[in-house]
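Take this sequence and fold it.
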Amino acid sequence: MTARPAAGGGKWVTVGPDRLGRWITGFGERHGEPVVEAAAELVTLRAPDGATAECHVPFPPLTVADDPVPALVAHAVARRRVGVLLVRLGGYAAGVFDGDTLVASKVGARLVHGRSAAGGWSQQRFARRREKQSTEALQAAADVAARVLLPQLATLEALVLGGDRRAIDELRTDRRLVPLFALERPPFLTVPDPKLAVLTETPSQFRAVRIRVTEP
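The predicted structure follows:
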């Protein structure tokens, strides 16, 4: 479980799906039995002492039931087949997860120079070379996404993206990947260079439940 300050007050708490039920129970023990309000994308707990916990539903919508807390927990722990695409300039990783298990993947890298040379003609030549390297790197990332994720398209419930937003946005122009991007779901993952170890750990981020907690 992780926590960080929330803009506008309170804090964001990230809770793994297997710990969600215990976390909600603990919230009630600390603040009193809450009133629960449920919608497709948000379950809110309002405690009698004024504390609130806004639980953002992972992979919405949530099918709202008479007792929304068990419904939210069951929704969070459900085993899903999810595609993941991580791209940073020069590095990329694509994978398919069945629950927490990585069942298909490809990781790669392309050289993209990150420093500018001296001014004048040399700098212009450097800029052209870097642009060419960037284009080739993003093309390689798109090719890997098509190779790994498109064959699994019919089985995927969602596509989770991460890395550098500008690099990901460049891939949106690839017509092959349009059906994949139609499955895009939050969160956008903040990750370092997309290596296999980084890809393997992403379920701890995209399966977690984000909760905004405010206390009196």
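
can you give me the strands in the protein?
2-5, 11-15, 35-38, 42-46, 52-56, 81-88, 91-98, 101-109, 158-163, 209-214 (DSSP state E).

What's opposite Glu184 in the beta bridge?
Leu159 (DSSP bridges).

Read off the pLDDT value for it.
Looking at Glu184, its pLDDT stands at 97.

what does Pro216 give?
Reported pLDDT for Pro216: 86.

about what we covered before: would you list the strands of the chain in CSV and tack on distance to Gln152?
Just so you know, the C-beta spots here come from the backbone N, C-alpha and C atoms, and that holds for glycine as well. Formatted as CSV, these follow (distance: least, Cβ to Cβ, whole Å):
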stretch, distance to Gln152
strand 2-5, 30
strand 11-15, 27
strand 35-38, 32
strand 42-46, 29
strand 52-56, 26
strand 81-88, 7
strand 91-98, 5
strand 101-109, 7
strand 158-163, 10
strand 209-214, 25
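
outside of stretch 23-34, which residues touch it?
Contact partners of stretch 23-34, identified using Cβ atoms under 8 Å, 6 or more residues apart in numbering, comprise 1, 13, 15, 45-49, 51, 53, 55, 69, 73, 211, 213, 215.

Let me see the confidence value for Ala6.
pLDDT, Ala6: 87.

Mark out where each domain of this protein begins and ends.
Here the domain parsing of the chain from automatic domain parsing is 2-78+207-214, 81-206.

Quickly, which of these bottoms out on average pLDDT?
Minimum mean pLDDT among the domains of the chain: domain 81-206, a mean of 87.

now that one, how far from the centre of its chain.
13 Å (Cα atoms, centre = their mean, to the nearest Å).

can you check stretch 20-40 too?
Using Cα atoms, centre = their mean, the offset of stretch 20-40 from its chain centre is 24 Å.

and that stretch, which residues are buried?
Leu20, Gly21, Trp23, Ile24, Phe27, His31, Pro34, Val36, Ala38 (16 or more other Cβ atoms under 10 Å).

tell me, what residue is most central in the chain?
Pro187 (3.5 Å; Cα atoms, centre = their mean).

you'd agree that residue is up against Ala158?
No. The criterion here is Cβ atoms under 8 Å, and Pro187 misses it with Ala158 at 11.1 Å.

Could I get the full set of helices for this structure?
Listed in chain order, the helices found in the chain under DSSP state H are 20-31, 68-77, 121-148, 165-171, 178-181, 196-200, 203-206.

Could you point out which of those sits nearest Thr101?
Closest to Thr101 of these, according to Cβ to Cβ: helix 203-206, at 8.6 Å.

Restrict that closest one to CA atoms and write it as PDB.
Coordinates of each C-alpha in helix 203-206 appear next as PDB, following Å, rounded to 0.1, in the frame of the first residue of the first chain:
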ATOM      1  CA  PRO A 203       0.000  -5.500 -12.300                       C
ATOM      2  CA  SER A 204       0.800  -4.000  -8.900                       C
ATOM      3  CA  GLN A 205      -0.100  -0.600 -10.400                       C
ATOM      4  CA  PHE A 206      -2.900  -1.300 -12.800                       C
END
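
If you count neighbours, what's buried in that helix?
Pro203, Gln205, Phe206.
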